[in-house]
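In: With the input below, show me the fold.
(4 chains)
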2 protein chains.
Amino acid sequence: MRLLSLIERNTLVPPRLSRACAVGEGIYRSGNDGLAWRVSCGVVRLDALSASGDSQFASLAMAGDIIGCEALLFGGYTFSATALTQCELAPWPEGDTAPAGESLLQSLAVAQKRAADVVALRGGEALARVVNLVRLLTDASGSVVLPTRQDIADITDLRFETISRIVKRLERAAVLLPVKICGVHATRSFAVNLAGLSAL
Amino acid sequence: MRLLSLIERNTLVPPRLSRACAVGEGIYRSGNDGLAWRVSCGVVRLDALSASGDSQFASLAMAGDIIGCEALLFGGYTFSATALTQCELAPWPEGDTAPAGESLLQSLAVAQKRAADVVALRGGEALARVVNLVRLLTDASGSVVLPTRQDIADITDLRFETISRIVKRLERAAVLLPVKICGVHATRSFAVNLAGLSAL
DNA sequence: CGGCCTCTTGAACATTCTCAAATTCGGTGG
DNA sequence: CCACCGAATTTGAGAATGTTCAAGAGGCCG
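Out: Next up is the predicted model:
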């Protein structure tokens, strides 16, 4: 990591030293030590180790969110982080500028808002939860890459069979339009048409 | 409040200018402007205004948490805050010391942990959710003052009838031992005996 | 006492879960 | 390119958990 930072310093890559993560890739594990990161783009899943040793969904982090900052204080990550979609992380705090109070305050406010969004994903009817998650994950151009059915299930506290049924229902209602790649349609990439929701 | 602050200044109450809130009391409302607070003790419920105008549970804040800090940035509260139990709030940042980076960083880490706890309160079986909430609210001496059945329902995303059934079940299993005041037993104050859980 | 709110309880109902079995997807090696 | 494998997804049917609606009990306050 020390070495990497030297390389970056010489080549002037815009966010200095970012890390790209593939879908499903583990970013860090609870208990280990490491850097804090700011999520530049993509969606990260955070999991807590439950008493019984198995990890359970704790939160989501999206563009702008800071993750793993507890490691700077306690010398170890509280959660495990996994990439739900292709994503990019930048080490935090950002090199030159010390973490100004203003910026940290903003991060705190954003984190609280994000937490409320995640809490909302676990309330109400199953269909509404999935639709809310789709909304949250849809980009400005109206397309979305969903996590696996199992990941959606963990986030919404439903079963993957239930998620499968709901996603299929959204497809049939033309809310989710599968993107066809070479004639084969993907199970995770969709164009989103929220207008179709009224037909449900 | 002005008056209270004068009183406080003369009597040297530790957190300078704190605000006491009764059970059920509104602390601030979404959209209004005001101070940020640190929760000294007690439990605060945060609600977001949903699209349809009704407010829905967003998060909990407990001793040490900072609430309403978004008002310092955006000039208005994002959430509405209500006291679930007797609680005490201190204006934040704490007078003399500017919000140091270190302390803010810690607040961020704590907020993320709290968010994970709240998310966990909305997953798994109904009984387990309520038990987890009881655990979260129980003080060091093993006693707990529960919010109303409706508040518990909002937090766990269950119905108040379901909560009522579960609390009664916990009483019958001697997990919750109603505190008797003048021979009448309260519906919200209990001594907690988690050992009784094994009998469920 | 009367009104109002919270809490309790029952019974029918709905949604979601569970379990089991196909089917499809993606990648690997011939 | 095709056969094959494991993982992810789809689908059905019955079971279970939680909801809904309705009625009544208990406590608090004017």
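
In: Around DNA strand D, which positions in chain A sit nearby?
Out: A:148-150, A:160-161, A:164-165, A:167-168, A:187-188 (C-beta under 7 Å from any atom of the strand). Yep, even glycine has a C-beta here, placed from its N, CA and C like the rest.

In: In helices only, show me the residues you listed.
Out: A:149-150, A:160-161, A:164-165, A:167-168 (DSSP state H).

In: In CSV: those, plus pLDDT.
Out: As requested, these are exported to CSV (pLDDT from 0 to 100):
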residue, pLDDT
A:R149, 96
A:Q150, 96
A:F160, 97
A:E161, 97
A:S164, 97
A:R165, 97
A:V167, 97
A:K168, 96
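
In: quick revisit: ChimeraX command to pick out the buried ones of the residues of chain A next to DNA strand D?
Out: With 16 or more other C-beta atoms under 10 Å in any protein chain shown as the burial test, the buried ones among the residues of chain A next to DNA strand D are selected in ChimeraX as follows:
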select /A:149,165,167
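
In: Adding distance to B:A36, write the residues of chain A next to DNA strand D out as a markdown table.
Out: Output for the residues of chain A next to DNA strand D, formatted as a markdown table (distance: C-beta to C-beta, whole Å):
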| residue | distance to B:A36 |
| --- | --- |
| A:T148 | 39 |
| A:R149 | 40 |
| A:Q150 | 39 |
| A:F160 | 41 |
| A:E161 | 44 |
| A:S164 | 44 |
| A:R165 | 44 |
| A:V167 | 41 |
| A:K168 | 46 |
| A:T187 | 45 |
| A:R188 | 41 |
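
In: so which of the residues of chain A next to DNA strand D comes closest to B:A51?
Out: Set against B:A51, the nearest of the residues of chain A next to DNA strand D by C-beta to C-beta is A:V167 (22.6 Å).

In: So the closest one versus A:A153, what's the distance?
Out: 11 Å (C-beta to C-beta, to the nearest Å).

In: quick check: angle from the lengthiest helix in chain A to helix B:101-120?
Out: The residue-count maximum for a helix in chain A (DSSP H) belongs to helix A:101-120. For helix A:101-120 against helix B:101-120, the angle by axes from the mean of the first three to the mean of the last three C-alpha atoms, to 10 degrees is 0 degrees.

In: and helix A:101-120, which residues are buried?
Out: Neighbour-count burial for helix A:101-120 [16+ other C-beta under 10 Å]: A:103-120.

In: Which ones among those residues also lie next to chain B?
Out: A:104-109, A:111-116, A:118-120 (C-beta under 8 Å from any C-beta of the partner chain).

In: out of the residues you listed, who's nearest B:G53?
Out: Nearest member of those to B:G53, counting by C-beta to C-beta, is A:A120, at 15.2 Å.

In: where does the closest residue to that closest one other than its chain neighbours land in three-state SS?
Out: Nearest-residue entry for A:A120: A:N132, 6.3 Å, with adjacent residues in sequence omitted and distances by C-beta to C-beta, 6 or more residues apart in numbering or on different chains. Put simply, A:N132 is helix when judged by DSSP: H, G, I helix; E, B strand; the rest coil.

In: Wait, A:N132 touches A:L121, no?
Out: Yes. A:N132 lies in contact with A:L121 (C-beta atoms under 8 Å); the separation is 5.7 Å.

In: who has more neighbours, the two?
Out: For A:N132 versus A:L121, the count of surrounding residues by other C-beta atoms under 10 Å in any protein chain shown is larger for A:L121: 22 against 17.

In: So for that one, what's the pLDDT?
Out: pLDDT recorded at A:L121 is 98.

In: so it makes contact with A:R129?
Out: Yes. Using C-beta under 8 Å, A:L121 is in contact with A:R129, at 5.6 Å.

In: max-length strand in chain A?
Out: strand A:184-192 (DSSP state E).

In: In PDB, please show the C-alpha coordinates belonging to that strand.
Out: Extracted in PDB, the C-alpha atoms of strand A:184-192 (Å, rounded to 0.1, in the frame of the first residue of the first chain):
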ATOM      1  CA  VAL A 184     -30.000 -13.700 -24.300                       C
ATOM      2  CA  HIS A 185     -31.600 -11.800 -21.600                       C
ATOM      3  CA  ALA A 186     -29.800 -11.100 -18.400                       C
ATOM      4  CA  THR A 187     -31.400 -11.800 -15.000                       C
ATOM      5  CA  ARG A 188     -29.900  -8.800 -13.300                       C
ATOM      6  CA  SER A 189     -29.700  -5.900 -15.800                       C
ATOM      7  CA  PHE A 190     -32.900  -4.100 -16.500                       C
ATOM      8  CA  ALA A 191     -34.300  -0.900 -17.900                       C
ATOM      9  CA  VAL A 192     -36.700   0.500 -15.300                       C
END
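
In: Mind listing the strands that strand pairs with, and their directions?
Out: Next to strand A:184-192 in the sheet, as set by DSSP bridges, lie strand A:143-145 (antiparallel), strand A:176-181 (antiparallel).

In: ok, now which ones touch the nearest residue to A:A199 once chain neighbours are set aside?
Out: What sits nearest to A:A199 in space, not counting adjacent residues and going by C-beta to C-beta, 6+ apart, is A:A173, at 5.1 Å. When contacts are counted by C-beta atoms under 8 Å, 6 or more residues apart in numbering or on different chains, A:A173 touches A:196-197, A:199-200.

In: measure A:A173 to DNA strand C for me?
Out: 15 Å (C-beta to the nearest atom of the strand, to the nearest Å).

In: B:G75: which of the strands paired with strand A:184-192 is closest?
Out: That would be, of the strands paired with strand A:184-192 and by C-beta to C-beta, strand A:143-145, which comes in at 32.9 Å.

In: Just to be sure, A:L60 is in a helix?
Out: No. The assignment for A:L60, made by three-state DSSP, is strand rather than a helix.

In: Quick check: bridge partners of it?
Out: A:R45.

In: sec struct for A:A128, please.
Out: helix.

In: distance of it from B:Q150?
Out: Taking C-beta to C-beta, one finds A:A128 at 21 Å from B:Q150.

In: Nearest the middle, which residue of chain A would you pick?
Out: A:V43 (2.1 Å; C-alpha atoms, centre = their mean).
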